[in-house]
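Visitor: Quick one: sequence plus predicted model below, questions after.
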Amino acid sequence: MSSWVKVFLTLSIVLLFGCLFMWQQLYAKYPVHEVSLVISSGASSQSIASDLHKQGVIDSEWLFRMAARLLGAATQIKAGEYFFSSDISIMDVLDKLVAGDVQLHHITIPEGLRTQEVLQLLASHTGRSLEDWQGALTVVLQGKEQEGRLLPETYTYNKPIRPKEILTSMVRAQQAILKEIKPKSAEKVRIMASIIEKETSQDNERPLVSAAIHNRLRLGMRLQMDPTVIYGIWKRDGVFSGNIRRKDLNNDTPWNTYTNKGLPPTPICNPGAASLRAAANPADVSYVYFVADGSGGHAFASTLEEHQANVRDWVKLERNKSKQEKSK
């Protein structure tokens, strides 16, 4: 056997064992203890390998980069936040990144928040500034009124945070509800729904409150609803004490439905789907009045006499509660 053949065989054996060793290393699993890593859009395989190595997710940057290049995966890695735990191999990591198996986050937007409150919640939850969220909403709505256009719901997102995408999904979610109910005027429904949202939290009452709003408007009566007064004061002063007083009812702002006829000029909060549906589909009743019934709900009435009787009942309940609290 010639020396060249011996050299060739030797190199072939070395190469074979080298390939087997690398293959073994690519699939060898190592323990990883709950590591979260955000990969930016456009990041190179070299920087990704470096970050993974620094965080202890992989033990060889070189092997990761080689596998990514040989498999054509270097340009297929998806941006996002990834979570690594338990035993995992380099190939497991690469597969996860190519598949875009990102870590998902959830945020629930409660019904009835003003838009500023929604943006503040998003800012505190995501770590992005309030200015970022406000700027993004301005772009998404293209100069339209910002109050009342975000649907309260639980939303899923991943990192890096993209405020425009998240806000767009919230706007489109409301648009889907409006498309479903097909109102004559989407803006009027938004405004009515926002009042309904602030007046009651009980689903069975929403169509009744809606009926009272529709009936009062039809009869030319002022709505005289406290949440509109509160919103007007907040809109003007940037703050509200939390307790509405009699003098507040005469505090004239464009949103005060005690001093102005008709609907307020804008929504007063972001209403949920149930309130939007109720605004477009009021109950077939003649109610024009309602007052708290002392149990978390409301007593509804079609005449002033009925309403005054309900008010007296409520006053009695409140007095009894006050006496009971003082006697404790």
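Guide: Received it, and whenever you're ready, just let me know what you need. Given the structure is predicted, the values throughout are model-derived calculations rather than measurements.
Visitor: can you give me the helices in the protein?
Guide: 3-27, 45-54, 61-70, 90-99, 115-126, 130-141, 163-181, 186-199, 206-219, 226-237, 246-249, 273-280, 304-327 (DSSP state H).
Visitor: and the ones you listed as TSV, adding mean neighbour count, distance to Q76 and mean pLDDT?
Guide: Where C-beta positions appear, they are placed from N, C-alpha and C, glycine not excepted. Shown next, in TSV, are the helices of the chain (neighbours: other C-beta atoms under 10 Å; distance: least, C-beta to C-beta, whole Å; pLDDT from 0 to 100):
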stretch	mean neighbour count	distance to Q76	mean pLDDT
helix 3-27	11	17	53
helix 45-54	18	10	88
helix 61-70	17	9	85
helix 90-99	19	5	88
helix 115-126	17	27	95
helix 130-141	16	29	96
helix 163-181	16	21	96
helix 186-199	25	42	97
helix 206-219	20	49	97
helix 226-237	20	50	93
helix 246-249	12	60	86
helix 273-280	24	38	97
helix 304-327	12	65	78
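Visitor: what would the ones you listed look like in JSON lines with distance to P267?
Guide: Below are the helices of the chain laid out as JSON lines (distance: least, C-beta to C-beta, whole Å):
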{"stretch": "helix 3-27", "distance to P267": "57"}
{"stretch": "helix 45-54", "distance to P267": "44"}
{"stretch": "helix 61-70", "distance to P267": "50"}
{"stretch": "helix 90-99", "distance to P267": "41"}
{"stretch": "helix 115-126", "distance to P267": "9"}
{"stretch": "helix 130-141", "distance to P267": "13"}
{"stretch": "helix 163-181", "distance to P267": "11"}
{"stretch": "helix 186-199", "distance to P267": "4"}
{"stretch": "helix 206-219", "distance to P267": "13"}
{"stretch": "helix 226-237", "distance to P267": "9"}
{"stretch": "helix 246-249", "distance to P267": "20"}
{"stretch": "helix 273-280", "distance to P267": "10"}
{"stretch": "helix 304-327", "distance to P267": "26"}
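Visitor: tell me the domain ranges of the protein?
Guide: 26-99, 105-180, 185-327 (automatic domain parsing).
Visitor: I'd guessed Y30 sits against D87; true?
Guide: Yes. Contact status for Y30 versus D87: in contact at 6.7 Å, counting by C-beta atoms under 8 Å.
Visitor: Settle it for me: which of the two has more neighbours?
Guide: Y30 (13 against 10; other C-beta atoms under 10 Å).
Visitor: Show me what that one bridges to in the sheet.
Guide: Under DSSP bridges, the beta-bridge partners of Y30 are I88.
Visitor: Name the nearest residue to G220, ignoring sequence neighbours.
Guide: K261 (7.2 Å; C-beta to C-beta, 6 or more residues apart in numbering).
Visitor: wait, that neighbour sits on R222?
Guide: Yes. K261 lies in contact with R222 (C-beta under 8 Å); the separation is 5.5 Å.
Visitor: Give me the more crowded residue out of the two.
Guide: Legend: neighbour count by other C-beta under 10 Å for K261 and R222, higher for R222 (14 against 11).
Visitor: Now for that one: which residues touch it?
Guide: R216, T257, Y258, N260, K261 (C-beta atoms under 8 Å, 6 or more residues apart in numbering).
Visitor: between those residues, which is nearest R128?
Guide: T257 (35.7 Å; C-beta to C-beta).
Visitor: How about A309, nearest residue that isn't a chain neighbour?
Guide: Using C-beta to C-beta, 6+ apart, the closest residue to A309 is A301 (7.8 Å).
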